[in-house]
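Visitor: The following block contains a protein sequence and its predicted model.
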Amino acid sequence: MSRAALERHIRRTPVDGSPEDMRAAFDTLTRWPDPRELPPLATVGGCAGRWFGQGDDVIVWLHGGGYVFGGSISHAACADYLANLADSRVFVPDYPLAPEHGWPTIHCAVDQVLKALPGARVVGDSAGGHLALVLAQRGADIRRLVLLSPNTDRNGSSQSRTRNGDTDLMNKDAQDTHLAKLAFGDRATDDPEVSPLLGDLTGLPPLMIYTSLTEILLDDSLLLARAAALAGAEVCLRTVPDLFHMWHLWPGSLPEARIMLSDVAAFLDA
């Protein structure tokens with residue numbers, strides 16, 4: 001599928017409505033080519049998920065989807081591609097989703113996964129990036145950390161949430177706010193677990209952050225990169241000029257996704 005065809009597919013498949021509607025739409029957007037070839041479900045730390053690839057080293061990929069949709073099926077293509085590049089096994093946990101399960105249930109479930117896989121390298125995209133960052137701030141045993149367009153600030157510092165509203169096919173500020181309400185309820189926006197940019201950034205593992213200059217979470221990444229570097233973290237920041245949120249989900253269609261995942265593999269293997 002070409003980029004133009006993929007963008008038409010995204011426009012024709014809005015991820016909105018009820019949580020069930022959003023999950024169905026997101027599955028349609030990101031469907032694995034042949035569901036019969038998906039790896040079987042496995043359980044790690046009490047959490048179901050899927051392993052991709054072979055190898056001795058372990059990567060945990062915490063999927064995005066606003067804590068309401070997404071999982072080991074939606075992220076199968078990118079997890080499988082990364083596993084092959086990094087010669088590693090990639091585990092994508094199907095952590096509990098909101099609104100059936102809110103915060104901190106989501107956090108606690110993935111914390112158990114990481115405790116079962118000490119010293120893992122961790123990738124998190126979007127809400128999964130938020131989750132990975134909060135876990136790192138709480139002292140999870142993470143060797144290297146990659147955040148792809150992470151959700152880090154809901155307290156008003158991130159101006160690209162409105163500035164880039166017309167250039168991001170996959171994310172809008174109003175929907176992002178709605179999903180956060182489903183996951184976090186009435187927690188204050190300046191709560192460090194809602195906006196981890198405001199939390200303690202000392203002691204983070206080596207960190208790579210990837211973002212697009214035209215997506216709404218651009219500033220979430222740029223602000224985090226600056227703050228984490230000032231707090232003493234080793235930070236590698238990568239930006240791309242013209243892509244929508246979560247473009248890495250389609251490595252079969254987008255060369256930019258393949259380049260990003262190659263960069264991620266190299267960073268994780270360093």
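Guide: Noted; the coordinates are in hand. Numbering: from 1, shown residues only.

Visitor: Break down the stretch 1-150 of the chain into its strands, ranges please.
Guide: 41-44, 47-52, 58-62, 89-93, 120-125, 142-148 (DSSP state E, counting those that start in this stretch).

Visitor: does the spatially most central residue of the chain have beta-bridge partners, and which?
Guide: By CA atoms, centre = their mean, the chain has its centre lying nearest to D125, at 1.4 Å. Listed beta-bridge partners, D125: L148 (assigned using DSSP bridges).

Visitor: In contact with Y210, which residues?
Guide: Shown in contact with Y210 (CB atoms under 8 Å, 6 or more residues apart in numbering): V146, L147, L148, S149, S221, R238, T239, V240, H248, M260, D263, V264. Placement of C-beta: from N, CA and C, glycine included.

Visitor: a markdown table for the residues you listed, including neighbour count?
Guide: As requested, those are exported to a markdown table (neighbours: other CB atoms under 10 Å):
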| residue | neighbour count |
| --- | --- |
| V146 | 28 |
| L147 | 29 |
| L148 | 30 |
| S149 | 31 |
| S221 | 27 |
| R238 | 18 |
| T239 | 14 |
| V240 | 15 |
| H248 | 26 |
| M260 | 23 |
| D263 | 16 |
| V264 | 26 |
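
Visitor: Just the pLDDT at G49, thanks.
Guide: On pLDDT, G49 comes in at 98.

Visitor: what's the answer for the one 3 residues further on, then?
Guide: pLDDT for F52: 97.

Visitor: Mind listing the residues bridging to it?
Guide: Residues in beta-bridge contact with F52 (DSSP bridges): V90.

Visitor: Might you report the residue contacts of it?
Guide: Applying CB under 8 Å, 6+ apart to F52 gives the contacts P39, A76, A79, D80, L82, A83, R89, V90, F91, V92.

Visitor: Generate the PyMOL command that creates a selection of the buried members of those residues.
Guide: In PyMOL syntax, the buried subset of the contacts of F52 is picked out as below (16 or more other CB atoms under 10 Å):
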select buried, resi 76+79+80+82+83+89+90+91+92
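
Visitor: Correct me if wrong: L114 contacts R138.
Guide: No: L114 lies out of contact with R138 (CB atoms under 8 Å); the separation is 10.0 Å.

Visitor: where do the helices sit along the stretch 101-250 of the chain?
Guide: 105-116, 127-137, 160-163, 173-184, 218-230 (DSSP state H, counting those that start in this stretch).

Visitor: out of those helices, nearest to P99?
Guide: helix 173-184 (4.4 Å; CB to CB).

Visitor: by contact count, what packs against the closest one?
Guide: The contact analysis (3 or more CB pairs under 8 Å, 6 or more residues apart in numbering; DSSP states H and E) places helix 173-184 against helix 160-163.

Visitor: about what we covered before: output the helices of the stretch 101-250 of the chain in JSON lines; the columns should cover mean pLDDT.
Guide: Formatted as JSON lines, the helices of the stretch 101-250 of the chain follow (pLDDT from 0 to 100):
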{"stretch": "helix 105-116", "mean pLDDT": "98"}
{"stretch": "helix 127-137", "mean pLDDT": "98"}
{"stretch": "helix 160-163", "mean pLDDT": "96"}
{"stretch": "helix 173-184", "mean pLDDT": "96"}
{"stretch": "helix 218-230", "mean pLDDT": "98"}
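
Visitor: Point out where the stretch 151-270 of the chain drops to low pLDDT.
Guide: Applying pLDDT under 70 to the stretch 151-270 of the chain flags no residue at all.

Visitor: got the CA positions of whichever strand or helix holds L261 in CSV?
Guide: Assigned by DSSP states H and E, L261 belongs to helix 255-269. What follows is helix 255-269, C-alpha atoms only, in CSV (Å, rounded to 0.1, in the frame of the first residue of the first chain):
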residue,chain,number,x,y,z
PRO,A,255,9.9,3.6,4.3
GLU,A,256,10.0,6.2,7.1
ALA,A,257,8.6,3.6,9.5
ARG,A,258,11.3,1.1,8.5
ILE,A,259,14.0,3.8,9.0
MET,A,260,12.6,4.7,12.4
LEU,A,261,12.6,1.0,13.5
SER,A,262,16.1,0.6,12.2
ASP,A,263,17.2,3.5,14.3
VAL,A,264,15.4,2.1,17.3
ALA,A,265,17.0,-1.3,16.9
ALA,A,266,20.5,0.3,16.7
PHE,A,267,19.8,2.4,19.8
LEU,A,268,18.6,-0.6,21.7
ASP,A,269,21.6,-2.7,20.7
